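**Student:** Have a look at this prediction, sequence included:
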Amino acid sequence: MTRAYMDHAAATPVRPEVLEAMLPFFAERFGNPSAVYDLGSEIKAVMEEQRGKVARLIGARSDEIIFTSSGAEANNLAIKGLALATFLKRGKHLIVSGIEHHSVLNSARFLEKWFDFEVTFLPVDQYGRVDPERLQKALTPATVMVSIGHGSNEIGTLQDIPALVAVCRAAGVPFHTDAVATVGQAPVDVSELGVDLLTISGPALGAPKGIGALYFRNKLRLVPQLNGGIQENGRRGGTENIPGIVGLGRAAELALQELEEKAVHLAKLRDLLVAGVRERIPHVLYTGHPDKRLPGHASFCFEGIEGEALIFLLSSQGIYANTGSACASKALKTSPVLGAIGIKPDVAQGSLVFTLNSSNREEEVHHVLAHLPLAVEKLRSFSPVWRKKMAEAAGA
Amino acid sequence: MRFLTECKADATADLVYRACPMHLLEPMELIKDLEPGQVLEILTDYDGALEDIPAWCAKHGQEFLGISEDACGDCYKLYIKKICEAKS
């Protein structure tokens, strides 16, 4: 059976080149980079080399990269670390958009609950974009930072980060962006974006789970969120995950080489998928921005059905997609992101998200287009919501 | 402890919120790039630095100039004058 795995935002295989680079660092080259003897110092040198590779991918300096265990940890360190380092001087106000990843939203809520911060959750437009004017109005003299994601894993929309940064820079407020969805999918350059902090996730690049990184502009102070020793120059305790760091370094190196070609490939497959779905299936909404979106991202809401049921039905045909962000989909809750862009709860129930990667091929898109319309039709035939809608339409 | 009213530095090591013993490790590296007679400023929120840095200077032949009276709110400002090439 043809398999079409299109849930790469949730999990993606470790690239063979990445695995090969990592393998010696599990047993053969096992030294602790903090050790002063040669077995340690040579590992330290390897680690610094990887830091340089990650920095190059986003146009940063290597001393501006902190390795973390995940994108979520990097988001926690950026938000809690910077807010706690700054609030004594500036105040206790924080701004995030309403469609951020849980690691951003819950870091903000943590500061609200335990440190009496005031958090502004900025609304977004119908495509999920934040209006720079709204951001400007939300800034106060007590604002310690703003965190707005670069690309949405759920609706694919890319924010106009330079415009948002310009507003913050004029007010002297640091800007963080969660770029987990974009780094490795689209060009990301910290100088062009103008951001002060940026989150990267290893798995999104074909590195293993358990590794991520935070870019921070060199002069920023961060309160460590993992207290420990001098690892990561005293900014993040815990012995470094060297195999993971080597994997991330190799993945970053490959991403830099392949980025342009990859973006073209992904956009071609995405456009084929989107056009095919819209042509074959009635009453479907293409969510997120039509143009300003991730090249490998296609998200829909099918009226009259449940996304979860659709996923189960599709998986029986070897098609793997998601209903939203991977960690939220099990909760069977209506997506707050879809709610924030004005999609009615009953329509939001029929959410389906495809996230593509270089390994996807045109045949897989055709496989999806052959089975998805049948699956939607089948579920609609069982759906009382759909029947009611059709009866109302016929009556009208 | 010697308190300074004003001290001009040639380089700064910002160790605020960074884990111990970064307040010793980073200055040890930065002082290597200074010429004898130049001054390194150390910013730290770590109380132990008030003992450690003068002790490190005494042991490594550098001059501990003192701590700034200029309150910067969340950190101490300590000053070292490079006297000789640092031994690591």
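**Tutor:** Yep, that arrived.

**Student:** So for residue 82, what's the nearest residue that isn't a sequence neighbour?
**Tutor:** Chain wasn't specified; assuming chain A. Excluding its sequence neighbours, the residue lying closest to A:Leu82 (C-beta to C-beta, 6 or more residues apart in numbering or on different chains) is A:Met145, at 5.3 Å. Backbone N, C-alpha and C define where each C-beta goes, glycine included.

**Student:** that answer is for a different chain, and I need it for chain B
**Tutor:** Closest to B:Lys82 by C-beta to C-beta, 6+ apart is B:Leu34, at 4.6 Å.

**Student:** wait, doesn't the one you found sit right on B:Ile83?
**Tutor:** No - using C-beta atoms under 8 Å, B:Leu34 makes no contact with B:Ile83, being 10.4 Å away.

**Student:** which bits of the stretch 51-200 of chain A sit near chain B?
**Tutor:** A:Ala85, A:Leu88, A:Lys89 (C-beta under 8 Å from any C-beta of the partner chain).

**Student:** Leaving out chain neighbours, which residue sits closest to the first one?
**Tutor:** The shortest distance from A:Ala85 to any residue other than its chain neighbours is 4.3 Å, reached at A:Arg221 (C-beta to C-beta, 6+ apart).

**Student:** what sits against the residue lying farthest from the centre of chain B?
**Tutor:** Within chain B, B:Gly73 marks the point farthest from the mean C-alpha position, 17.6 Å out by C-alpha atoms, centre = their mean. B:Gly73 makes contact with A:Leu88, A:Lys89 under the criterion C-beta atoms under 8 Å, 6 or more residues apart in numbering or on different chains.

**Student:** In a strand, it, correct?
**Tutor:** No - with DSSP: H, G, I helix; E, B strand; the rest coil as the criterion, B:Gly73 is assigned coil and is not in a strand.

**Student:** still on that earlier bit, let me see the contact set for the residue nearest to A:Ala85.
**Tutor:** A:Leu82, A:Ala85, A:Thr86, B:Asp14, B:Val16, B:Tyr17.

**Student:** secondary structure element for it?
**Tutor:** Here A:Arg221 sits in a region with no helix or strand, counting by DSSP states H and E.

**Student:** how close does it get to A:Phe67?
**Tutor:** Going from A:Arg221 to A:Phe67 by C-beta to C-beta, to the nearest Å gives 18 Å.

**Student:** what residues does the helix or strand of chain B with the lowest mean pLDDT touch?
**Tutor:** Ranking every helix and strand in chain B by mean pLDDT, DSSP states H and E puts strand B:3-4 at the bottom, with a mean of 85. Strand B:3-4 is contacted from outside by B:Leu65, B:Gly66, B:Ile67, B:Ser68, B:Glu69, B:Tyr79, using C-beta under 8 Å, 6+ apart.

**Student:** Chain A: which of those residues is nearest?
**Tutor:** B:Ser68 (17.6 Å; C-beta to the nearest C-beta).

**Student:** how many other residues sit next to residue 50?
**Tutor:** Picking chain A for this. 27 (other C-beta atoms under 10 Å in any protein chain shown).

**Student:** right idea, wrong chain: chain B
**Tutor:** 15.

**Student:** Drop anything exposed from the contacts of A:Arg221.
**Tutor:** A:Leu82, A:Ala85, A:Thr86, B:Asp14, B:Val16, B:Tyr17 (16 or more other C-beta atoms under 10 Å in any protein chain shown).

**Student:** Next step: those restricted to strands.
**Tutor:** If you go by DSSP state E, these have B:Asp14 in strands.

**Student:** From the buried ones among the contacts of A:Arg221, pick the one nearest A:Val188.
**Tutor:** A:Leu82 (19.7 Å; C-beta to C-beta).

**Student:** Is the closest one in contact with A:Val144, as I believe?
**Tutor:** Yes - between A:Leu82 and A:Val144 there is a contact under C-beta under 8 Å: 6.8 Å.

**Student:** Overlap in contacts, these two.
**Tutor:** Joint contacts of A:Leu82 and A:Val144 (C-beta under 8 Å, 6+ apart) are A:Pro174.

**Student:** Look up how far chain A lies from the residue nearest to B:Lys82.
**Tutor:** B:Leu34 is 19 Å from chain A, where distance means C-beta to the nearest C-beta, to the nearest Å.

**Student:** picking up where we left off before, for the contacts of A:Arg221, which one is nearest A:Phe175?
**Tutor:** A:Leu82 (10.3 Å).

**Student:** May I have the residues that are in contact with that closest one?
**Tutor:** A:Leu82 neighbours (C-beta under 8 Å, 6+ apart): A:Val144, A:Met145, A:Pro174, A:His176, A:Leu197, A:Leu220, A:Arg221, A:Leu222.

**Student:** can I get those residues in TSV with pLDDT?
**Tutor:** Converted to TSV, the contacts of A:Leu82 look like this (pLDDT from 0 to 100):
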residue	pLDDT
A:Val144	98
A:Met145	98
A:Pro174	98
A:His176	98
A:Leu197	98
A:Leu220	95
A:Arg221	95
A:Leu222	97
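
**Student:** Identify, from the residues you listed, the entry nearest to A:Arg15.
**Tutor:** Out of the contacts of A:Leu82, the member with the shortest distance to A:Arg15 (by C-beta to C-beta) is A:Leu197, at 26.7 Å.

**Student:** Count the neighbours of A:Arg387 for me.
**Tutor:** 13.

**Student:** Could you tell me which residues within the strand or helix carrying it count as buried?
**Tutor:** Applying DSSP H and E as the criterion places A:Arg387 in helix A:384-395. Burial within helix A:384-395, assessed by neighbour count using 16+ other C-beta under 10 Å, is assigned to A:Val385, A:Trp386, A:Lys389.

**Student:** Could I get those in TSV, plus columns for distance to chain B?
**Tutor:** Shown next, in TSV, are these (distance: C-beta to the nearest C-beta, whole Å):
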residue	distance to chain B
A:Val385	53
A:Trp386	56
A:Lys389	56
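
**Student:** Identify, from the residues you listed, the entry nearest to B:Met1.
**Tutor:** A:Val385 (75.0 Å).

**Student:** Now the closest one: closest residue in space, sequence neighbours ignored.
**Tutor:** That would be A:Gly304: by C-beta to C-beta, 6+ apart, it lies 5.2 Å from A:Val385.

**Student:** so where do the helices sit in the stretch 201-350 of chain A?
**Tutor:** For the stretch 201-350 of chain A, applying DSSP state H, counting those that start in this stretch gives helices covering A:231-234, A:242-280, A:307-315, A:326-329, A:336-340, A:345-348.
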